[in-house]
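> below is the structure, and that's it, no one-letter string:
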Ligand code: ATP
Ligand code: MG
């Protein structure tokens, strides 16, 4: 693929430059200097990062690479919960708030580091009592509540492998994941709250464990009054399980390469994959990136809006921030309930200083209007961050102006369930180029290459790859080694992320879509993100998704599905306007032939647009795996 193959925007690059004090005070300092230092001795770099954690026994080698299997921190012994909890309790953070939680109706809970450690130990002891052992898989299917975090940490405490399933999934998705992981225990709650309504989870679990013979016990947290009945053959009460347990529990000594958890990908491009992460490297990677990429400091109040049920929640709600001894805020509430001002109110009320969210949320807020954030004092914010999909320039600008007060750097982090930690971003303090995620972080060798693996010249597009192993890389795909090997063999000897990207002349990388979603129009490769981003930059448009539909002459033509902003009405005139707008911003080749106005787009439960569903619907094909589709 070459430059001409992609419809790269032609206008001169535009940068936003944060106040120099950001760089001066950041953990990372000057990006180029830090990156060069890493390149000069990668092993020393990752050794130094590991030294920021407490090990029960030191490792004797940083990394061993037996293509395509890497082992990190060989023979090192560690427990991530010791590093998340005990270490802080011993080092002066015992009474620092670890978790602030807020429910939909305004209920609040706070756990200090020593309180959280005690809860985790009690549940860990309870799990041991019902027979959970090191290496057993435990499925966690819970709402976003402190007990969800406690359950994850309790598993990690005793070396059980957690498999967290997002609490919004239905019976089939849950059953699939319980069966694939062979979970022995399921930890759940009776209900979760959504927009003022209690959603019953227990009946879903009851159905999902039918035909899941590995399950021996279901642990149920009962939130509602009157309390739901438990079936004593299989079900135990969460609180009773903990009640008489001692509040200390020796952290299991884990080998660095022992599995820590498995987690299924979002299922945006196909059936979800069970990604396996290892104890040592994952701890090093998430500790490092939370500190150096999100620049979290001792007195920050940190909020990442992801559900702990996704990788962003694992790495940047739970493990990364707690490894750094940060104060984490999180909430069960939805962004538009009771109204679209709730998040901004929470930022004001809790004095949030680092705020990490997703483009899908930002675009939703753009649609409802900037009058909502304008009502609240957001001056506590210091750093903004984004993950999940490309942050299109329009959304970047809105986030920067209306939330960040033209003051806060935006850290657009590109990474995946598979990578475990951030890979590409613009470090705090560096010039930000809207539409471009940025450059590989120190510690990572990433590039844009052609199908033979040769780096493309700046200004060109191709496949996003990672060229060397990294500590928090996936160790496998559960029950599917073939799929694991594919990541490393699609393009010879490098890790293929299956995303398409363009490398700018300034070295910045723009993610332009999924390789699976690539649209080839008359021999030109069109990345979906680019056309969608052009559409969203039109004042009438809130959100857009494009797909290719067959065309006898051009091979494919582009069809756009468009959600309008509040108050806008679809018309033929608007269709022409939008087509013209894309012609002018991206070029004639990217112009949609068809524009359909819709009220919603098919999305994964984590908020990503599922273009494969639109395509299948349009072409009357089988819709494929829909287990992760939002209702
Ligand atoms: P599946 O692999 O099952 O199709 P998924 O890829 O959506 O699902 P995740 O691991 O949750 O599952 O998401 C990772 C993907 O999200 C990346 O490969 C990329 O396509 C997209 N992504 C994440 N962060 C960014 C970002 N900052 N900019 C652009 N794209 C991003
Ligand atoms: Mg993926």
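On my side now, so go ahead. Note that the coordinates shown come from a computational prediction; the quantities given were computed from them, not determined experimentally. Ligands and ions are numbered 1, 2, ... in the order given.

> looking at the stretch 351-500 of the chain, which residue is nearest ligand 1?
Residue nearest to ligand 1 within the stretch 351-500 of the chain (CB to the nearest ligand atom): residue 417, separated by 3.4 Å. C-beta: built from backbone N, CA, C; applies to glycine.

> SS state for that residue?
coil (DSSP: H, G, I helix; E, B strand; the rest coil).

> spit out the contact partners of residue 605.
By CB atoms under 8 Å, 6 or more residues apart in numbering, the residues touching residue 605 are 166, 168, 169, 266, 628, 629, 630.

> domains of the chain?
Using automatic domain parsing, the domain parsing of the chain gives 80-252, 520-619.

> what about those, which gets the closest to ligand 1?
Evaluated over the domains of the chain, closeness to ligand 1 peaks at domain 520-619, with 5.0 Å, by CB to the nearest ligand atom.

> does ligand 1 sit close to that closest one?
Yes. Judged by CB under 6 Å from any ligand atom, domain 520-619 comes into contact with ligand 1 at 606, 608.

> and that domain, end to end?
Distance across domain 520-619, first residue to last, is 17 Å (CA to CA, to the nearest Å).

> got it, and stretch 444-454?
So stretch 444-454: terminal residues 17 Å apart, CA to CA.

> please identify the buried residues of it?
The neighbour-count check on stretch 444-454 (16 or more other CB atoms under 10 Å) flags 444, 445, 446, 447, 448, 449, 450, 453 as buried.

> over to stretch 49-58?
In terms of neighbour count (16+ other CB under 10 Å), stretch 49-58 has its buried residues at 49, 50, 53, 55.

> returning to that earlier point: any of the contacts of residue 605 buried? List them.
166, 168, 169, 266, 628, 629.

> below-threshold pLDDT in the stretch 1-150 of the chain: ranges please.
Scanning the stretch 1-150 of the chain with the threshold set as pLDDT under 70 gives 1-11.

> hmm, try it at 50
For the stretch 1-150 of the chain, applying pLDDT under 50 flags the ranges 1-4, 7.

> return the residues of it in contact with ligand 1.
So far as CB under 6 Å from any ligand atom goes, the stretch 1-150 of the chain does not lie against ligand 1 anywhere.

> can you show me the strands along the stretch 1-150 of the chain?
Remark: strands assigned in the stretch 1-150 of the chain by DSSP state E, counting those that start in this stretch are 61-66, 69-74, 77-78, 97-102, 108-112, 137-141.

> show me what the fifth one pairs with in its sheet, parallel or antiparallel.
In other words, strand 108-112. According to DSSP bridges, strand 108-112 has the following sheet partners: strand 97-102 (antiparallel).

> contacting residues around residue 620?
Counted by CB under 8 Å, 6+ apart, residue 620 has zero contacts.

> can you report how many residues lie near residue 131?
11 (other CB atoms under 10 Å).

> repeat that for residue 507.
There are 12 residues near residue 507, going by other CB under 10 Å.

> equivalent analysis for the one 10 residues further on, please.
In terms of burial, residue 517 registers 26 neighbours under the definition other CB under 10 Å.

> contacting residues for it?
269, 528, 547, 611, 612.

> do that again at 10 Å, thanks
268-269, 498-500, 526-529, 545-548, 609-612, 614-615 (CB atoms under 10 Å, 6 or more residues apart in numbering).

> farthest residue from the center of this protein?
residue 553 (39.6 Å; CA atoms, centre = their mean).

> part of a helix, is residue 157?
Yes. Assessed with three-state DSSP, residue 157 lies in a helix.

> isn't it right up against residue 85?
Yes. Applying CB atoms under 10 Å as the test, residue 157 and residue 85 come out as touching, 8.7 Å apart.

> what do the two both touch?
With CB under 10 Å, 6+ apart, residue 157 and residue 85 have common neighbours 79, 117, 120, 121, 251.

> among those residues, name the ones in helices.
The helices, defined by DSSP state H, take in 117, 120, 121 from these.

> now the first one: closest residue in space, sequence neighbours ignored.
Translated: residue 117. Spatial nearest neighbour of residue 117, excluding adjacent residues (CB to CB, 6 or more residues apart in numbering): residue 85 at 4.1 Å.

> next one: the second one
Here the nearest residue to residue 120 in space, its sequence neighbours aside, is residue 153; by CB to CB, 6+ apart that works out to 4.4 Å.

> ok, now which ones touch that neighbour?
Applying CB under 10 Å, 6+ apart, the residues near residue 153 are 80-81, 84-85, 116-117, 119-121, 123-124, 162, 318-319, 322.
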